[in-house]
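**Student:** Predicted model and sequence below, questions to follow.
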Amino acid sequence: MRIGVVTFPGSLDDRDAARAVRVAGGEAVSLWHGDADLHGVDGVVLPGGFSYGDYLRCGAIARFAPVMERVVDAARGGLPVLGICNGFQILCESHLLPGALIRNDHRKFVCRDQPLRVESVSTAWTSGYAAGQEIVIPLKNGEGGYVADERMLDELEAEGRVVLRYVGDNPNGSYRDIAGVTNARGNVVGLMPHPEHAVESLTGPGTDGLGFFTSVLEGLVRS
C-alpha cells in the first residue's frame, strides 16, 4: 500500500512520517505542496511542522496549496487522511475536520511524552487499537489547544468522533481534553500528538504510535 506524505515549506516531520509508514510495512510516497495530483496513493499523511512559517494562522496558508485541492476532494471520496500537529491544523482550516487549534492556554511551547486514551477505534487510523486503551506518544506544540462551540463538542461526543483524549494534566487547554477527532465517515483523523515519533523501541517512549500506520495499511488490505 502506498501512503503519500506531503511536504510543505516549513514541514519538519515529513521524513519521520515517511519512516513510520515504512516501519509499518507500507510504501512511503513523497508528495510536494505544489503537486497537481496524488500519484495514485492509497492514503495521505499531513505531517507536523510550521507550514509556510505559520503566518496568519497555523495551516491557514497551507490549505490553499495545490496539493490540498486534491487531498480535500479525495478525502471527501473516502481516501484515508491523517493530519499530525500542523497537519491537524491544516485539516481544520480546510474544513475536513471541525473546530480549530489555538495558542496553548499557558502561552508556552510544550514538549513531552504524553499519555493518551484511545476513545474511538472506528476510524481508518485507529482500528488496530482497543477502545479505552492508554498509550504514550510525544507531544510538541505551541498552538495545540483544540476548541469548538458547545454544539459541535456535544455532536462529536454523541457520534463517537473524539478519537483521542489527554490523560492526566491537560497540556494545552484543549476543550474536554480532546487530543484528536475524526470526520463522520472515519477516514479523516487529526491529532496533535506525534505517533510517527513512537514507532521504534530504540527511540522515543516506545512503539505506541505504530498502530496508527498499521491500522490504515491493514484496513486498505481488507478493502
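**Tutor:** That came through fine.

**Student:** so what's Asp105 up against?
**Tutor:** By CB atoms under 8 Å, 6 or more residues apart in numbering, Asp105 lies in contact with Gly145, Asn172, Gly173. (Glycine included, C-beta is placed from N, CA and C.)

**Student:** what do you get if the cut-off is 10 Å, keeping everything else the same?
**Tutor:** Asp105 makes contacts with Gly144, Gly145, Asn170, Pro171, Asn172, Gly173, Ser174, as judged by CB atoms under 10 Å, 6 or more residues apart in numbering.

**Student:** what about the helices in the protein?
**Tutor:** According to DSSP state H, the chain carries its helices in the segments 14-24, 66-76, 86-93, 150-158, 210-222.

**Student:** deepest of those helices, which one?
**Tutor:** Of those, the one with the most neighbours on average (mean count of other CB atoms under 10 Å) is helix 86-93, at a mean of 28.

**Student:** what's the average pLDDT for that helix?
**Tutor:** Averaged across helix 86-93, the pLDDT comes to 98.

**Student:** Give the closest residue to Pro98 in space, chain neighbours not counted.
**Tutor:** Counting by CB to CB, 6 or more residues apart in numbering, Met152 is the residue found nearest to Pro98 once chain neighbours are left out, at 5.2 Å.

**Student:** just checking, the one you found touches Gly99?
**Tutor:** Yes: counting by CB atoms under 10 Å, Met152 touches Gly99, with 6.5 Å between them.

**Student:** Mutual contacts of the two, please.
**Tutor:** Tyr175, Val181.

**Student:** Farthest pair within the contacts of Asp105?
**Tutor:** Gly144 and Asn170 (10.3 Å; CB to CB).

**Student:** The two: which is more packed in?
**Tutor:** Shown here are Gly144 and Asn170; by other CB atoms under 10 Å, Gly144 has more neighbours (27 against 18).

**Student:** related to what we said a few turns ago, relative to Thr203, tell me which of the helices of the chain wins on proximity.
**Tutor:** So among these, helix 14-24 is nearest, using CB to CB, at 10.1 Å.

**Student:** Also compute the angle for that closest one relative to helix 86-93, please.
**Tutor:** 100 degrees (axes from the mean of the first three to the mean of the last three CA atoms, to 10 degrees).
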